[in-house]
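Novice: Predicted structure and sequence below. I'll ask about it afterward.
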Amino acid sequence: MGTEEGGKEESVELFCPSEEEIERWMARAFDMAKEALENGEVPVGCLMVYKDKVVGKGRNEVNETKNATRHAEMVALDQVLDWCWRSSLDVKSVCERIALYVTVEPCIMCAAALRLLNIPVVVYGCRNERFGGCGSVLDVSSADLPHTGTQFKCISGHRAEEAIDMLKTFYKQENPNGEKQNHSACLFFLLLTLHFQNV
Amino acid sequence: MKRWKGSPCDVDSWVALPVLSDEQSQDVELVEVFAAPILDKKETSRLVRELNSLCPLRGLQHVKRVRPCREKPHPLEVLVCLVSDVPQMQVVSIDSLLPSGGVNCNGLGEPFVVKVPARAPLTRPQFELASQHWPTSFHEDKQVTVALRGELFSRHQKERMHAYMASAVTAARDGGMAGMEAIGAVVVDPKTERIIAVGHDCRCKHPLHHAVMVVIDLVARSQGGGVYGFDSYPACRFTSASSVQTEAQTENGTQPYICTGYDLYVTREPCVMCAMALVHSRIGRVFYGVASADGALGSKFKIHTQKDLNHRFEVYRGVLSRECEDLNSMNDHIKKDRGE
């Protein structure tokens, strides 16, 4: 598991999930991804946890909303905001104590949104080679962007192969000839899937 | 829209310039090469043939092998080999540079070092700079050349662009009055010349509702989707897709798909989130008024030219730049009032 430094030192030092928490919440995120896969949806699970409580979770809603920005993280962030407003809590002080658990690396857009809301820690499974905003395509999480919220810390690689396997399986379901493909063709189509689904 | 028709010469007050990739906008990088004078002009074609086959210039296919000389005793100069390909030596002679027995150095003078462009020029300004160092070939993209001169758009097109950005400026002001940052955006279908959606920043209500995110959702609503209601902001509006379906669209049954083929006009350069949202939305082209500090379409990143991404698009800056600049001072007032 890799850890990249970034973010406001003091808040990151004060606030970082333990191994046990990572294990537990990532298991929940993977359950969500599996459930999505069983329902023929993009297998990405995403949870926002504040003080040991899930205050936001999401799945990709691009197709039904016809809005290509409705990634799981954006849906979950909306729930966090709603929760703050309902609970009459200050958005910034809540967000500064939230950890995001997600099975796939957030894309460039989602990474910037997480910065804008001052989310300090993101735990993710596999890399997102097509759109990743935590180092794969661009490193938005630690870039010098003084007007774009705060940098965040990434803890990556948790059950990465499992996350990739789910994405591969998702593609095979979409394509009945899936089992005939060799490994590299599989990867190629996985990228295509990511391409069309805008994960 | 009508009030802008009264002042058509306003279009001369701004120039839309393309925001090109780093490769297209960077300075000319140079590399050191040994050259030698051709003392006997009659030997030129043989020398070039032999040098090309025995000492090819790796990665410098864009550089011409020979240049004519004025104001020098010899008529021509020829490139021999890259300096980096020659082992360090005290005295360089033409014989030591050439493979023994390969090139007959009859007619060649003693070598000297020149600097030649390391990469093929991609734009006319790069070509002109490169050619000052050594003759260079150039496969010109005429559209880029014309765009860099600020002459890509016809008067009619500029009038349309002016009107669209004016709508974005008006929306920005309406947003500013409602306590938001004064930033506005308009999505247009350039084929029908119709406005699909107009919106402004709504971040007071939702910190991620930047003007671009607002219009992307309004476009989704115009296609029967969408997530948010911006109904409490009358300046945020859309035209439903079914009412603007062109005859061609109805005939071949194509439905509009997210922002494919649409143009975005936004008063200020989009941030990273908004720029990537435009990639996901398959926007056609983006026009913005002024740059922003953390902007991702030219200032901090050029997400529209990012090689690894699956969708790229053209970006132009400077449309109605003065009016868009004025919105920044409105924002400064808003921030002051809020005590920020």
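Specialist: Yep, it's here. On a predicted model such as this, the values are computed, not experimentally measured, just so you know.

Novice: How many residues are close by residue A:133?
Specialist: 27 (other C-beta atoms under 10 Å in any protein chain shown). Using the backbone N, CA and C atoms, a C-beta is placed for each residue, glycine as well.

Novice: Tell me how many other residues crowd the residue nearest to it when sequence neighbours are not counted.
Specialist: Spatially, and ignoring its direct neighbours in sequence, residue A:133 is nearest to residue A:111 (3.0 Å; C-beta to C-beta, 6 or more residues apart in numbering or on different chains). For residue A:111, the neighbour count with other C-beta under 10 Å is 33.

Novice: gap between the helix or strand where residue A:111 lies and the chain center?
Specialist: If you go by DSSP states H and E, residue A:111 is part of helix A:108-116. With C-alpha atoms, centre = their mean, to the nearest Å as the basis, helix A:108-116 stands 11 Å off its chain's centre.

Novice: go on, stretch B:145-164?
Specialist: 15 Å.

Novice: Enumerate the positions of it that are buried.
Specialist: B:147, B:148, B:152, B:153, B:158, B:159, B:160, B:161, B:162, B:163, B:164 (16 or more other C-beta atoms under 10 Å in any protein chain shown).

Novice: now do stretch A:25-43
Specialist: Residues of stretch A:25-43 classed as buried: A:25, A:26, A:29, A:30, A:32, A:33, A:34, A:36, A:37, A:41, A:42, A:43 (neighbour count, 16+ other C-beta under 10 Å).

Novice: so what's the nearest residue to residue B:120 once chain neighbours are set aside up against?
Specialist: Nearest non-adjacent residue to residue B:120, counting by C-beta to C-beta, 6+ apart: residue B:62, 3.7 Å away. Residues counted as contacts of residue B:62 (C-beta atoms under 8 Å, 6 or more residues apart in numbering or on different chains) are B:117, B:119, B:120, B:121, B:136, B:137, B:138.

Novice: For chain B, what is the nearest residue in chain A?
Specialist: Nearest residue of chain A to chain B, counting by C-beta to the nearest C-beta: residue A:66, 2.8 Å away.

Novice: May I have the phi/psi pair for that residue?
Specialist: Per-residue torsions, residue A:66: phi 60, psi 20 (degrees, to the nearest 10).

Novice: The closest residue to it other than its chain neighbours: helix or strand, and which one exactly?
Specialist: Counting by C-beta to C-beta, 6+ apart, residue B:225 is the residue found nearest to residue A:66 once chain neighbours are left out, at 2.8 Å. Under DSSP H and E, no helix or strand contains residue B:225.

Novice: What is the burial count for residue B:225?
Specialist: For residue B:225, using other C-beta under 10 Å, the count is 18.

Novice: what's the neighbour count on the closest residue to residue B:237 other than its chain neighbours?
Specialist: Distance criterion C-beta to C-beta, 6+ apart; nearest residue to residue B:237, sequence neighbours excluded, is residue B:198 at 5.4 Å. Neighbour count of residue B:198, defined by other C-beta under 10 Å: 26.

Novice: did I read that right, residue B:198 in a helix?
Specialist: No - looking at residue B:198 with DSSP: H, G, I helix; E, B strand; the rest coil, it is strand, so not inside a helix.

Novice: Quick one: name the residues of the stretch 201-340 of chain B near chain A.
Specialist: For the stretch 201-340 of chain B, the contact set with chain A under C-beta under 8 Å from any C-beta of the partner chain comprises B:206-208, B:213, B:216-217, B:220, B:223-227, B:258-259, B:271-273, B:276-277, B:279-282, B:292-294, B:300-301, B:303, B:306, B:308-310.

Novice: Can you tell me which of these are buried?
Specialist: Neighbour-count burial (16+ other C-beta under 10 Å) is assigned, among those, to B:206-208, B:213, B:216-217, B:220, B:223, B:225-227, B:258-259, B:271-273, B:276-277, B:279-282, B:292, B:294, B:300-301, B:303, B:306, B:309-310.

Novice: Just the ones of the residues you listed in helices?
Specialist: The members of these that map onto helices under DSSP state H are B:213, B:216, B:217, B:220, B:272, B:273, B:276, B:277, B:279, B:280.

Novice: need the contact list for the last one.
Specialist: When you say that, I think you mean residue B:280. So residue B:280 contacts A:68, A:69, A:107, A:109, A:131, A:198, B:258, B:311 (C-beta under 8 Å, 6+ apart).

Novice: With the first one instead?
Specialist: By C-beta under 8 Å, 6+ apart, residue B:213 lies in contact with A:69, B:273, B:274, B:277.

Novice: Looking at the buried residues of stretch B:145-164, which are in strands?
Specialist: Residues of these located in strands (DSSP state E): none.

Novice: Residue B:236 is in contact with the residue nearest to residue B:237, correct?
Specialist: Yes - the criterion here is C-beta atoms under 8 Å, and residue B:198 meets it with residue B:236 at 6.8 Å.

Novice: Which neighbours do those two have in common?
Specialist: Listed contacts common to residue B:198 and residue B:236 are B:171, B:218; contacts here mean C-beta under 8 Å, 6+ apart.

Novice: May I ask you to confirm that the residue nearest to residue A:66 is in contact with residue A:70?
Specialist: No - with contact defined as C-beta under 8 Å, residue B:225 does not reach residue A:70; the gap is 9.1 Å.

Novice: Phi and psi next, for the residue lying closest to residue B:146 once chain neighbours are set aside.
Specialist: Nearest residue to residue B:146, sequence neighbours excluded (C-beta to C-beta, 6+ apart): residue B:152, at 5.0 Å. Main-chain torsions, residue B:152, degrees, to the nearest 10: phi -70, psi -30.

Novice: Okay, residue B:152 and residue B:158: tell me how far apart.
Specialist: Distance, residue B:152 to residue B:158, using C-beta to C-beta, to the nearest Å: 10 Å.

Novice: quick one: common contacting residues for those two?
Specialist: Common contacts of residue B:152 and residue B:158, defined by C-beta under 8 Å, 6+ apart, comprise residue B:16.

Novice: remind me which residues of chain A are low pLDDT?
Specialist: Confidence mapping of chain A against pLDDT under 70 gives the ranges A:1-14, A:174-199.

Novice: make it 80
Specialist: Along chain A, the model assigns pLDDT under 80 to residues A:1-15, A:171-199.

Novice: Can you tell me which residues in chain A are near chain B?
Specialist: Contacts of chain A with chain B, taken as C-beta under 8 Å from any C-beta, map to A:61, A:64-70, A:74, A:77-78, A:81, A:91, A:107-109, A:111-113, A:116-117, A:129-131, A:133, A:137-138, A:140, A:143, A:145-148, A:195, A:198.

Novice: Of those residues, select the buried ones using a ChimeraX command.
Specialist: Selection of buried members from the residues of chain A next to chain B for ChimeraX, criterion 16+ other C-beta under 10 Å:
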select /A:61,65,66,67,68,69,70,74,77,78,81,91,107,108,109,111,112,113,116,117,130,131,133,137,138,140,143,145,148,198
